[in-house]
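Novice: below is the sequence, then the predicted model.
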Amino acid sequence: MSEVKQLNVVQAINQALHDAMAADPKVLVLGEEVGDKQEGGVMGVTKGLSTAFGERVRSTPISEQAIIGAAIGASLGGYRPVAEIMLMNFIAVPMDMITNHAAKLRFMSGGQTNVPIVIRTMTGVGFSTGGQHSDYLEAWFAHTAGIKVVAPSNPDDAYGLMRAAIEDDDPVLFIENLPTYWTPGPVSFQKVKLGQAKVALEGTDATVVAHSRMVVEALAAAKTLATEGISLEVVDLRTISPWDRATVLASAAKTGRAVVVHEAVKQFGIGAEIAAVIGEELWGKLKAPVQRLGGAFAPVPFSRPLEAAFAPTAADIAAAVRKAVTA
Amino acid sequence: MSEVKQLNVVQAINQALHDAMAADPKVLVLGEEVGDKQEGGVMGVTKGLSTAFGERVRSTPISEQAIIGAAIGASLGGYRPVAEIMLMNFIAVPMDMITNHAAKLRFMSGGQTNVPIVIRTMTGVGFSTGGQHSDYLEAWFAHTAGIKVVAPSNPDDAYGLMRAAIEDDDPVLFIENLPTYWTPGPVSFQKVKLGQAKVALEGTDATVVAHSRMVVEALAAAKTLATEGISLEVVDLRTISPWDRATVLASAAKTGRAVVVHEAVKQFGIGAEIAAVIGEELWGKLKAPVQRLGGAFAPVPFSRPLEAAFAPTAADIAAAVRKAVTA
Amino acid sequence: MTSNHPKPDAATLLEIYKRATLIKQNDERIIKMMKAGKLVMPYYSPRGQEIIPSAISVSLDDDDYICTIYRGIHDMLAKGFPLGEMWAELAGKVSGTCKGKGGPMHLTCPSKGMMVTTGIVGSSMPIATGLGWAAKLDGKGRVSVANFGDGAANIGAFHESLNLAALWKLPVIFVCQNNQYAEHTRFADSTLVDKLSTRAAGYGMPGVTVDGNDPDAMFGAAKIAIDRARAGEGPTLIEAVTFRFNGHLLGEAGHYMDKELYAACQAKDPMPKLRARLIAEGIASEADLAATEAGIDAEIEKAVDAAMAAPFPDIVELKRDVFAEEIA
Amino acid sequence: MTSNHPKPDAATLLEIYKRATLIKQNDERIIKMMKAGKLVMPYYSPRGQEIIPSAISVSLDDDDYICTIYRGIHDMLAKGFPLGEMWAELAGKVSGTCKGKGGPMHLTCPSKGMMVTTGIVGSSMPIATGLGWAAKLDGKGRVSVANFGDGAANIGAFHESLNLAALWKLPVIFVCQNNQYAEHTRFADSTLVDKLSTRAAGYGMPGVTVDGNDPDAMFGAAKIAIDRARAGEGPTLIEAVTFRFNGHLLGEAGHYMDKELYAACQAKDPMPKLRARLIAEGIASEADLAATEAGIDAEIEKAVDAAMAAPFPDIVELKRDVFAEEIA
Ligand SMILES: Cc1ncc(C[n+]2csc(CCOP(=O)(O)OP(=O)(O)O)c2C)c(N)n1
Ligand SMILES: Cc1ncc(C[n+]2csc(CCOP(=O)(O)OP(=O)(O)O)c2C)c(N)n1
Ligand SMILES: [Mg+2]
Ligand SMILES: [Mg+2]
C-alpha cells in the first residue's frame, strides 16, 4: 500500500494484524477476549480477526502462563503467534515463560530452535486504574538477553513496528500506550525495521530521548521551548532493546545536551542505560550533564492529583532542557 | 554476642535465622526443602530450624506463587516470614506476587498494611548449571518501588544483613551467591543496617562499586593493581535498593574515577543507574568516564569456557581501572 | 440440601437482607454519581451478587480475614467496611481508607479483617492462604476467606493455593463467585467442567457448588465451611453460582452478553425475592424494610457528602508508604 | 486393565527393552564418567524410570513432539536423540547438539521432535500445549508429549496447561512421572491426593494412574492416549508411578530417603524383570540380549570418545544465537 490514511493506534495495530495474517498463514493471535465473540479485545484491537481468520485467532481462559506457553510452543511448531497480555502489570504472571523460555530457547538450543512470537501489552497512567494496572515495565525485558522490546509513540510506527515484529525471528515485546490509543495520525503502511530510532523533531540545542507517550510530551515541550528560542531535538527510540545507539549518540553529540525520559519509575529504569552510555561515549564532549526524568519511585497512585504527578510532563521536560541549556 | 567466629556464608545465614527465630516468635521460615526431613534446604542453609522451631518452619510443595503468597498473607497477619525461592531464576514464577503485591500493599493501602517478609534466593555462575539456573536478576527488583534488595559479599554481612532484613518492616529480597557460599570469614554477629554501603578497601586512584561475588573479584583486582602502584578503593554496595548514594559519590569524588561492576547482564543492569548518577552528580569532577562491567548480553552458557567468559573477572576489573587511570 | 444443613434463623435472614440491601443501594448510588460525572474510576459492579457475602459474613467476626477483588465492594460492605472511608477512597480523597492512593481496586480495612483487595486475577487466593497460615499459628479460631471469580479459577495461583491450604489444613474458605462471565468470556468458553467445585477433589479438599443467590443454601454452605475451618479441619472450596447485572466494567456496551441468559437471571433477581420472602414469612413488615432501606440511604448520603467535601491528598504522599521511612 | 487395553506384541516388547537398555547403560556410563571427573555437570539420573518413555515412544514418530525436563535423558533417548550429539553436549563441546551452550538441562533435537528440555519445574507443560496447538493446526495427526514429575504437578503451570489443552481439544499427552520424590520431598508431603490423575476430572480430561514400570500397562495407557490425541479427541493425563534409584542429583547424600521404600523399589527394578520376561516368553534368547547390550555399549563408547576428543566452542559463541543476528 502506498496510500496514506488517518488512523488511530487501535486501528493501525488492528490493520497490521489483519495484513500480517493475510500475508502469512502462519500468523496466529491468542489472548483473553481477542475473539469477536468477546468483542475483539477489551479495546477492540483484535476486532474482526476471528471472523476473518477463524481458528487462527483464539480467545483463552485467564491463564497467562498458558497463553505465553501456547505461543512459545506454537512458534516452535512453525507458527508466528501474537499473544496479548491484556495489561502490562499482568506480564509478571507469565514472567517465567517469557524470560526463562521465550528469551532463551534459541541460545540454549545452540540456534536449533527460535521463538518468533510477539507479546502485545498495554499500559500507561491516566485512567485512574491505580497500582496494579498502570506500570511501564520495559526495563525488566530490556535487561533480558534474547527478547526485543518495542514501544511505538504514534499510529504509523505502531503499524510498521507491528508488521516488523511479527516478521522478526525472535520474541518481541510490543508495548502499547493506552492514553494515546485513540489519537489519530497518518499511517503509511510501511514496515519499520526494529532497532532503529527516529528523529521525531530536529533541533540544535538539546536532545530528548524518549519512547511511547513520552515522545508526545517531548514534542509538546519542544513547542513551548521554541517560543523561548530553544531548539529541541526529539529522538523517539521506538525499539528499546536492542536500542539505536548510533542515532542517539549522534543527536546528543550534535546538540551537546541530553535528557532521557520515560514514564516508568526513574530509578534503575531504561534511561539509566542510555544516560550511562551517552556519558561514557561522549565523555568531554557534552555541554551539560545528562539528565533523566522518570516516574516517581512509587506504585502508581489512584487519586487524580497524585496520578497526574507520577509521570514526567511536557513542563517537566521543558524545565530539564532549560536547566541543561543554562548549565 | 561480642565474640567473633570464623563461619562461611551458609553457616552465617543459618545462625542468623536461628538467632532471629529465637529472638522473635513471629519469625517464620518456609520454602521448598527447608525442613530437616528434607535435609534443611538444598544447601543446608535452613538446617536445624524445623527441629528447633517446629511448625514455624514449613517445607512447601513446588509452588512458588503459593510460597510468596503464604509469606505475604502471614506477614499481613502479624508474622515475619523468611521465604526461600531456591534459585534466583525461579523468582520469575512468583514475580506477580512479589512486584504487584508484596512491594505495593503498603502504598496501595495508604500505609494501613505492610509486608515484612524476606525472600531468600541463591544464584551465580560457576557450577555449569546453564541458562535457567545462574542469573542475577537484582535489576528487576531495584526498579520496583516498595521492595528492598540486599546482596552480601561475605559471611559477616550475610549474618548482619539477614538479621536487619528480618527486622525490616518492608519486603526484602536477599540474594546469596552460590560459589562463595563456603568461603569462611570472621562473623561478628552484628546487625548491618540496610541501605549502607561499606568501603571494603580504601584507596586513592579509582573506585570500584560492586556487590556480592564481584566484591571478591574487585578485591583480587586491587591486589594486582597495588603491585603496579595503583591504589584501588572498593565499595561494597551491600544494599542495592535503596542504595547508598552518599558513600558511593564520596568515594568517586575522592578518587575521580569509577568502575561499576556486576555479574548480571551489563545492559540495563543496576550499574547503569549508579553510573548515570555518578556522571550527573559529579559532572566536571571526574578524571575519566565512568565505566561499567557486567555479564555478557546472553543467557548463561553451560560449556565451561563460555561460562567462565560470561561474568567480569578480577582481570577485567583491573584492566578497566588501568584504562581509567591512564585516561 | 440435607436436613442437617444449617439454616439461617429469622434474625439472621433479616441481617442478610440488611447487608445485601446496603450493597445494592450503595451500588446504585455509585452508578448515579459516576453517570453524573462526580466520581471517575473503573467500576466493577457487584449488583446481583449481594447475597453471597451477606450470607457468608453473618458467620464471620471482625477478626476473620477476607481478601477480595476489584469486584469486591459487596464483600467489603458485608464485612462491615466503613462507608465514609470507602466513599472518600473512591473519590481519591485523603480521608479515604487508603488516603486515596489505593482507589476502588485496592480498598483495605484491617480493623474489619479486610486485608487485601486486588486487581490481579487470582491473586486473592495465595494471600488469603497466608492469612490462613497466620490464623492457624495464632490458634484463636480465626478463618480466612478468599473471594474470586469463575475466570480466576483457571489461573495457576488457584491450583497452588488450594493444594497448599489443603496440605497444611489451613482455615481458608475459597469462595468462587461464579457469575458466569469473566470479562466478556462466557464460563463455558473458559473450561470444560460444569462445576468448578469438582476441582476440590484434586487437592483432597471438600468442594460444593451452591446457588449463591439463595440465602439458605449460601448461608449453610458457608457455615459448614467456616465451622470446619475454625475446628482445624482445613479448607473448603465453595462455588457460589450467581450473575452480575451490570456487566464487567460499568459503561461497557455489553454486546457480548447472552441476551436470554441475561433476561432469565434478571427475572430471578435475588433482592426483591428475599424482600418478598421476609414479608411473606412475617420476619419483617413492608414498613420495617422501607425504614431500613431509607436508613441505609441516609447513611450512604452522609458518606457521599463527606467524601465530596474532603480534600485530595498532598503530592508528598507519593513519597510516603513506599517504604516505612518516607522517601527522601 | 480391561481386555480391550492395547498390549505390546513381542516385537514391540523387545523394542521397549532395547530403548530402556540404551537408557540404563547410557546412565551407567555417564555416572562412571562423572565419578572419574571426566564429565562435570549437574546430573539427574533417570535410572529406574526407563520403561516409561520406552513404552510411550514406540507409539510415536519423529514428527511427534516431546518436551521434557532436567531429568529427561530417558525421554530423549527413547525418542531417538542421537547419542553422539548428546555426549558432546554433556561435555560442553561445540559438536554438541546445542553447541555446548545448553548442556544437560537444555538438550534439544528438533529433527527427533525433542523440542524443549527445561530446568524450570512445570514449564514443559505450557510449551508442550503450544506444540499441541501447532500440531492441531497442521492437521497431520501429530501429537505432543509433556513429561514432568510429581512435584511439578503442584505448580500453577500444570493447572493452566491442562485446562487450556482440554478446552481446545489439543493432541497433548501429559505424562507425570511420579517417582515418589521431588528433590528431597516425599510425594505425600506435597499433596493430600494419592493419585494425581484425579486432577484430570477438574479439566474434563481423562486421567489414569498406571504402573510406569510395567511395560504392558504403560504401553497400553500411552497408546490409548496417543490414539485419542491423533483422532482429535483431545488430551489425556497419565500418571506413571515409578521410582528413581540414584536420588535427585547425582552425588547427594540421600539422608532424606525412606530406606524401606528404597529397598522395596530396588527389589522391583523393572530392567532385570523385563529382561527375564523376554527370555521366559521366548521373545529373545540370553545371547540375543547380551549381543544387543554389547552393541549398545559400543555405540555409547563411540559417542563418548568423539565427545571427549571434540573442541570446546569459541568465546564468540556468547554473541551468537542470542538473537537471529549476531550481537555486535
Ligand atoms: C492476571 C490477570 N489477567 C487478566 C486480567 C484482566 N481482567 C480483569 S477482570 C477479568 C475477568 C475476571 O473474571 P472473573 O474471575 O470471573 O471475575 P468477575 O469479574 O466475573 O467477578 C480479567 C480477565 C487481570 N486483572 N489479571
Ligand atoms: C520453578 C522451580 N522451582 C524449583 C526448582 C528446583 N527443583 C529442581 S528439580 C525439583 C524437584 C522436582 O520434582 P519432580 O517434579 O517430582 O521431578 P523429578 O526430579 O522427581 O523427576 C525442584 C524443586 C526448579 N527447578 N524450578
Ligand atoms: Mg466471573
Ligand atoms: Mg519426582
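Specialist: Happy to help now that I have it. Ligands and ions are numbered 1, 2, ... in the order given.
Novice: any idea how far stretch A:34-49 is from the chain center?
Specialist: When distances are taken as C-alpha atoms, centre = their mean, to the nearest Å, stretch A:34-49 is centred 21 Å away from the chain's centroid.
Novice: show the pLDDT at residue 69.
Specialist: If you meant another chain, say so; for now it's chain A. Residue A:69 carries a pLDDT score of 98 in this model.
Novice: let's do chain C instead
Specialist: On pLDDT, residue C:69 comes in at 98.
Novice: next one: phi and psi at the residue in the stretch 151-300 of chain A that ligand 2 sits nearest to?
Specialist: Closest contact between the stretch 151-300 of chain A and ligand 2, by C-beta to the nearest ligand atom, is at residue A:171 (20.1 Å). C-beta coordinates here come from the backbone N, C-alpha and C atoms, glycine included. Main-chain torsions, residue A:171, degrees, to the nearest 10: phi -70, psi 140.
Novice: same check, this time on residue A:83
Specialist: phi -100, psi 140.
Novice: separation between it and residue A:63?
Specialist: According to C-beta to C-beta, to the nearest Å, residue A:83 stands 11 Å off from residue A:63.
Novice: for residue A:276, phi and psi?
Specialist: Torsion angles, degrees, to the nearest 10, at residue A:276: phi -60, psi -40.
Novice: chain neighbours aside, what residue packs nearest to it?
Specialist: In space, and not counting its chain neighbours, residue A:276 is closest to residue B:275: 4.0 Å by C-beta to C-beta, 6 or more residues apart in numbering or on different chains.
Novice: so that neighbour touches residue B:292, yeah?
Specialist: Yes. The criterion here is C-beta atoms under 8 Å, and residue B:275 meets it with residue B:292 at 5.3 Å.
Novice: can you list residues touching both of those two?
Specialist: A:276, A:280, B:260 (C-beta atoms under 8 Å, 6 or more residues apart in numbering or on different chains).
Novice: can you tell me the element the residue nearest to residue A:267 when sequence neighbours are not counted falls in?
Specialist: Excluding its sequence neighbours, the residue lying closest to residue A:267 (C-beta to C-beta, 6+ apart) is residue A:297, at 5.4 Å. In the assignment (DSSP states H and E), residue A:297 maps to no helix and no strand.
Novice: let me know how buried residue A:297 is, in neighbour terms.
Specialist: Residue A:297: 21 surrounding residues under other C-beta atoms under 10 Å in any protein chain shown.
Novice: can you tell me, leaving aside adjacent residues, what's nearest to residue A:5?
Specialist: Spatial nearest neighbour of residue A:5, chain neighbours left out: residue A:187 (5.4 Å); criterion: C-beta to C-beta, 6+ apart.
Novice: low pLDDT regions in the chain?
Specialist: Using chain A. For chain A, the stretches with pLDDT under 70 are A:1-2.
Novice: chain C is the one I meant
Specialist: Along chain C, segments meeting pLDDT under 70 span C:1-3.
Novice: which residues of it fall in strands?
Specialist: Shown for chain C, the strands assigned by DSSP state E span residues C:65-69, C:114-118, C:144-149, C:172-178, C:181-182, C:185-186, C:207-211, C:236-241.
Novice: list the contacts for residue A:104?
Specialist: Listed by C-beta under 8 Å, 6+ apart, the contact partners of residue A:104 are A:146, B:131, B:132, B:299.
Novice: name the nearest residue to the first one, ignoring sequence neighbours.
Specialist: Spatially, and ignoring its direct neighbours in sequence, residue A:146 is nearest to residue A:103 (3.4 Å; C-beta to C-beta, 6+ apart).
Novice: how much space separates the one you found from residue B:219?
Specialist: Residue A:103 is 33 Å from residue B:219, by C-beta to C-beta.
Novice: and residue C:77, by the same measure?
Specialist: As judged by C-beta to C-beta, residue C:77 and residue B:219 stand 60 Å apart.
Novice: what is the neighbour count of the closest residue to residue A:7 other than its chain neighbours?
Specialist: Leaving aside its chain neighbours, residue A:7 sits nearest to residue A:187 (4.6 Å; criterion: C-beta to C-beta, 6+ apart). Neighbourhood size, residue A:187 [other C-beta under 10 Å]: 25.
Novice: how about the residue nearest to residue A:273 when sequence neighbours are not counted, what does it touch?
Specialist: Nearest residue to residue A:273 in three dimensions, chain neighbours excluded: residue B:272, at 4.2 Å (C-beta to C-beta, 6+ apart). Applying C-beta under 8 Å, 6+ apart, we find residue B:272 in contact with A:268, A:272, A:273, A:275, A:276, B:292.
Novice: try residue A:322
Specialist: For residue A:322, the contact set (C-beta under 8 Å, 6+ apart) comprises A:225, A:228, A:230.
Novice: for it, what is the enclosing helix or strand?
Specialist: Using DSSP H and E, residue A:322 sits within helix A:314-325.
Novice: same check on residue A:119?
Specialist: Since the elements are taken from DSSP H and E, residue A:119 ends up inside strand A:118-123.
Novice: list the contacts of the next helix-or-strand element following that strand.
Specialist: The helix or strand immediately downstream of strand A:118-123 is helix A:138-142, counting by DSSP H and E. Residues from elsewhere that reach helix A:138-142, judged by C-beta under 8 Å, 6+ apart: A:95, A:98-99, A:147, A:149, A:151, A:173, A:175, A:211, A:240-241, A:243, A:262, A:264, A:268-270, A:273, B:139-140, B:143, B:267-268.
Novice: how about the residues of chain A by chain C?
Specialist: By C-beta under 8 Å from any C-beta of the partner chain, the part of chain A that sits against chain C consists of A:32-33, A:37-39, A:42, A:59, A:61-65, A:89-90, A:93, A:127-133, A:296-299, A:301-306, A:309-310.
Novice: buried members of these into PyMOL, please.
Specialist: PyMOL command restricting those to the buried ones, with burial defined by 16 or more other C-beta atoms under 10 Å in any protein chain shown:
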select buried, chain A and resi 32+33+37+38+39+42+59+61+62+63+64+65+89+90+93+128+129+130+131+132+133+296+297+298+299+301+302+303+304+305+306+309+310
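Novice: narrow the residues of chain A next to chain C to those in strands?
Specialist: Residues of the residues of chain A next to chain C located in strands (DSSP E): residue A:59.
Novice: ok, which stretches of the chain are helices?
Specialist: In the absence of a named chain, this looks at chain A. Remark: helices assigned in chain A by DSSP state H are A:9-23, A:49-53, A:64-76, A:95-96, A:105-108, A:138-142, A:155-167, A:213-227, A:245-255, A:270-281, A:304-310, A:314-325.
Novice: switch to chain C, that's the one I care about
Specialist: Using DSSP H, helices in chain C cover C:10-35, C:51-57, C:73-78, C:83-90, C:124-138, C:156-167, C:215-230, C:259-267, C:270-280, C:286-309.
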